[in-house]
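Asker: sequence first, predicted model second:
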Amino acid sequence: MRAALEFENVSHTFKSKGKTVQALRDVNLSMTEGEVFGFVGPNGAGKSTTIKVMLDIINDYQGSVRIYGVDAHRAEARQPLAFVPESPALYEQFTPLEILRMGLSMYGIKRKDADAWCLQWLERFSVAGNATRRIRELSKGNVQRVALAHAMAVQPKLLVLDEPLSGLDPVGRKDVVEILTEFKQQGGAIFFTSHVLHDVERIADRFGFINKGELLTVRSPRELAAERVDQMLVRYSTAQALLPDAKQLREAEFENEISQADLPAFISQLNNLGGHVLSVKPAVSLESVFFKILEQTAS
């Protein structure tokens, strides 16, 4: 498969209050077409800087960046790319339909059915009912939907998304995840950041962990599962939680993370109290691995 995005020994420094800050430090990563890459890190870790380098907003970096084999310094490198920032700044006086039509024009896309095409994407993101309202009249969540529809309408090969589910309600999040999954299945590549690690976990094929400008590790879900192979997630029904750290899911239903060694004793205790095991599965948590990596780098 072709490489959709390649970073090779990318470093960037800048001055802040008279001090030199290392925003990126020898970052190496690549992703292929049809892959979803989740980029995770705390605030100030280098996620936004990485995206700005990709978009050539920051262009005084060391190393090389290629988008489908084209040097990112060249404008044509961004022809197959669409970007949605965390807080899209759309022209407030325009309507969603006008915003999408403008996107087609900027990308040089000529369609006889342009209005129908744009309305189709607004419909996919459940915002077609606001197609002729001014952007300034829309909620944050609906503006986010319009920005995502704008990105999809230009038919990119690579989607770059900064907190794509920000401001969306649960229904909106579900809809967007389904659309992104369909885009991936059709061969599209997605590079996205998110503070909601659960979103990363359910969408991404691989996860990159960055902190203080350094890409600490890149892992797949299978590698992530290996991190917690000795821990099991037990869901059970009982009148009260068995352990203080139990997570209550609903009335008389709880969940605990238990080591495999302690699992027989836990189940025996549950049976003695008249409880029932509902499910047992490996405890795979991107969040726990993320914090573990941060602890290791801080020590």
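Answerer: Happy to help now that I have it. Numbering: from 1, shown residues only.
Asker: only C-alpha atoms for contact and neighbour calcs from this point on.
Answerer: Noted.
Asker: relative to residue 111, how far out is the residue of the chain positioned farthest from its centre?
Answerer: Most distant from the centre of the chain: residue 272, at 43.6 Å, with distances by C-alpha atoms, centre = their mean. Here residue 272 is placed at a distance of 69 Å from residue 111 (C-alpha to C-alpha, to the nearest Å).
Asker: how about residue 131?
Answerer: 18 Å.
Asker: give the rounded mean pLDDT of stretch 271-280.
Answerer: The pLDDT scores in stretch 271-280 average 90.
Asker: from start to finish, how long is that stretch in a straight line?
Answerer: First-to-last residue span, stretch 271-280, C-alpha to C-alpha: 15 Å.
Asker: mind checking which helix or strand residue 191 is in?
Answerer: strand 189-193 (DSSP states H and E).
Asker: in the protein, which spans are strands?
Answerer: 3-16, 19-32, 36-40, 62-67, 70-71, 81-84, 158-162, 189-193, 206-211, 214-219, 231-237, 247-250, 253-259, 276-282 (DSSP state E).
Asker: mean neighbour count for those strands - can I get that in TSV?
Answerer: What follows is the strands of the chain, written out as TSV (neighbours: other C-alpha atoms under 10 Å):
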stretch	mean neighbour count
strand 3-16	18
strand 19-32	17
strand 36-40	25
strand 62-67	20
strand 70-71	16
strand 81-84	22
strand 158-162	24
strand 189-193	25
strand 206-211	21
strand 214-219	16
strand 231-237	20
strand 247-250	13
strand 253-259	20
strand 276-282	14
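Asker: Throw the ones you listed into TSV and include distance to residue 54, thanks.
Answerer: Output for these, formatted as TSV (distance: least, C-alpha to C-alpha, whole Å):
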stretch	distance to residue 54
strand 3-16	9
strand 19-32	12
strand 36-40	13
strand 62-67	7
strand 70-71	10
strand 81-84	10
strand 158-162	9
strand 189-193	11
strand 206-211	16
strand 214-219	15
strand 231-237	38
strand 247-250	41
strand 253-259	40
strand 276-282	36
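Asker: any idea which of those gets closest to residue 127?
Answerer: Each of the strands of the chain was scored for nearness to residue 127 using C-alpha to C-alpha, and the closest is strand 81-84 (16.5 Å).
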